[in-house]
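# Structure for this input, please:
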Amino acid sequence: MSKYLIYIAQGIGDFVIAMPLIQSIKSQDSAAVIDIFTCSDKRRIGLNIKMMELQGDICHCYYYTKAEPFHSLMFLLKAGYHSYDYGIVLEHLNSKYMSSWPSKIIDFCCKTTIGANNLYNGATYKKSINRPDSYYIYDLENDILKQLGFEPTVMQCESYFIDKNPVSEPIIINHPSIVFCIGSGHVANEKLQNPYALSLKSWPTKNWVELGNKLVQRGYEVILIGGSMEEGMIGPYHDELDSHIISFIGKHSIKESYQVVREADLVVGVDTGLIHAAAMQGTATLTLFGPTDPSIVKPFGPYSEIIHNTVECSPCLGYDHSYTCTNNECMQGISVDFVLDSILQIFKR
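You can find the predicted model right below:
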């Protein structure tokens, strides 16, 4: 029986992206004990634990944080010195803004450590993987499997499960249905001190409203999904929304949100967690890219399509200018009509 400790960043998308790797390890080492850890806090970690429970192959979800030093020390003591056979750092980008702490933690807890080289942060591993430019995250997962001595089976499936016990009672009743994932969490411009400020990955909210209204007029069931951020984004536009647009914002748990994007005929959104959850479960997706690089983080699977507006400074995420940008021209330059036409073309196929 081998024990694995895997670092995953705290977002929904980061967790979902890790599922092919975790399920591939489990399929080739059925007795594997897999634990994960992330950089989080007491308030946020509950969502990660819930996703872990839904997934089924992960035994424990730990976290560390500078804000809770005693907790972080207890995590290390509980994990133990070299008590794991393998430690893996699964990070997407080669950036100086990536912390070296995950590599230090698995070096303490694990006998063999595996991760991709990051020239900027000094992280080192016993088994290092060279990270070429535009290194697709699922190619990285296959290379990690090779370092473990396994077959590189990631991407051989059209979908993976992220909820081992899905319910059969549908949430979406009418079809054809299109779910909008309009929010992306704060990325890079949190300095604006506005809890509803659009992140660099966001498409203007007024565009989502216009797009939804046009699709409803063409007979599509349009559904909005999200939490408090999306509620703050859409609130000022409530009177402009067609009354036939359905809002699930703030109404569903993570399990139910997984189900909504699984049942949809198409999920349209920016580079965010639930659109990755949709693609991972085999749903057709259309993702709007600007500051992030689709060659690295394009959603999984054969039914994933993208719109990428490349401007001179894009992609910028992970570089210094992403932390000073307050005008995401890469996203604002994507027109409503272009997205609408792309959606209609998808439904014609």
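
# isn't residue 21 right up against residue 154?
Yes - Residue 21 is in contact with residue 154 according to C-beta atoms under 8 Å; the separation is 6.4 Å. Just so you know, the C-beta spots here come from the backbone N, C-alpha and C atoms, and that holds for glycine as well.

# who touches both of those two?
Taking C-beta atoms under 8 Å, 6 or more residues apart in numbering as the criterion, residue 21 and residue 154 both touch 141, 145.

# The two - which one has more neighbours?
residue 21 (26 against 22; other C-beta atoms under 10 Å).

# what's around the closest residue to residue 225 other than its chain neighbours, how many residues?
Nearest residue to residue 225, sequence neighbours excluded (C-beta to C-beta, 6 or more residues apart in numbering): residue 248, at 4.8 Å. For residue 248, the tally of surrounding residues (other C-beta under 10 Å) stands at 18.

# Show me the helices in this protein, by range?
Listed in chain order, the helices found in the chain under DSSP state H are 12-17, 19-28, 45-55, 69-79, 101-109, 137-147, 205-217, 228-234, 254-263, 273-280, 294-297, 329-332, 336-348.

# just those helices: most buried one?
With neighbours defined as mean count of other C-beta atoms under 10 Å, the helices of the chain peak in mean count at helix 273-280, which reaches a mean of 28.

# That helix packs against which elements?
Counting contacts by 3 or more C-beta pairs under 8 Å, 6 or more residues apart in numbering; DSSP states H and E, helix 273-280 packs against helix 12-17, strand 177-181, helix 254-263, strand 266-270, strand 285-289.

# out of those, which comes closest to residue 349?
Closest of the helices and strands packed on helix 273-280 to residue 349 is strand 266-270, at 11.0 Å (criterion: C-beta to C-beta).

# wait, isn't residue 56 in contact with residue 162?
No - Residue 56 is beyond contact range of residue 162, at 9.3 Å (criterion: C-beta under 8 Å).

# And these two? Which one has more around it.
Under the neighbour definition other C-beta under 10 Å, residue 56 and residue 162 were set side by side, and residue 162 has more, 23 against 14.

# closest one to residue 170 among the helices and strands packed on helix 273-280?
helix 254-263 (5.9 Å).

# gap between that closest one and the chain center?
Centre-to-centre, helix 254-263 and its host chain are 14 Å apart (C-alpha atoms, centre = their mean, to the nearest Å).

# One more: stretch 238-251?
Using C-alpha atoms, centre = their mean, the mean C-alpha position of stretch 238-251 is found 24 Å from that of the whole chain.

# Give me the mean pLDDT for it.
Confidence for stretch 238-251, expressed as mean pLDDT, is 95.

# Could you pull out the buried residues of it?
241, 245-249 (16 or more other C-beta atoms under 10 Å).

# that older thread, for the residue nearest to residue 225, list the residues it contacts.
Residue 248 sits in contact with 171, 223-226, 257, 260, where contact means C-beta under 8 Å, 6+ apart.

# Got the phi and psi for residue 66?
phi -70, psi -20 (degrees, to the nearest 10).

# Contact partners for it?
Residue 66 sits in contact with residue 72, where contact means C-beta under 8 Å, 6+ apart.

# where does it land on pLDDT?
pLDDT, the model's per-residue confidence, is 91 for residue 66.

# repeat for residue 101
Residue 101 carries a pLDDT value of 94.

# roughly how far apart are it and residue 72?
The gap separating residue 101 from residue 72 is 9 Å, by C-beta to C-beta, to the nearest Å.

# what is in contact with those two at once?
Each of residue 64 lies in contact with both residue 101 and residue 72 under the rule C-beta under 8 Å, 6+ apart.

# wait, which of the helices of the chain is closest to residue 2?
So among the helices of the chain, helix 19-28 is nearest, using C-beta to C-beta, at 8.8 Å.

# and the closest one with helix 137-147, angle?
With axes from the mean of the first three to the mean of the last three C-alpha atoms, to 10 degrees applied, the angle from helix 19-28 to helix 137-147 works out at 30 degrees.

# Need the residues that contact helix 19-28.
Counting by C-beta under 8 Å, 6+ apart, 4, 6, 32, 34, 55, 57-58, 88, 90, 138, 141, 144-145, 148, 150-151, 153-155, 157, 160-162, 280, 300 sit against helix 19-28.

# Same check on stretch 81-90?
Identification of contacts with stretch 81-90 by C-beta under 8 Å, 6+ apart yields 2-8, 17-18, 21, 35, 102-103, 105-116, 123, 125, 140-141, 144, 148.

# one more time with 6 Å
2-8, 18, 102-103, 106, 109-115, 144 (C-beta atoms under 6 Å, 6 or more residues apart in numbering).

# Residue 91 and residue 173: what is the separation?
40 Å.

# higher neighbour count, those two?
A direct count of neighbours by other C-beta under 10 Å for residue 91 and residue 173 places residue 91 higher, at 22 against 9.

# Nearest spatial neighbour of that one, chain-adjacent residues omitted?
Once flanking residues are discounted, residue 91 sits nearest to residue 98: 5.5 Å by C-beta to C-beta, 6+ apart.

# what sits against the one you found?
With contact taken as C-beta under 6 Å, 6+ apart, residue 98 is in contact with 91, 118, 121.

# quick check, nearest of the residues you listed to residue 291?
residue 91 (17.4 Å).

# Now the closest one. Its backbone dihedrals?
Per-residue torsions, residue 91: phi -130, psi 150 (degrees, to the nearest 10).
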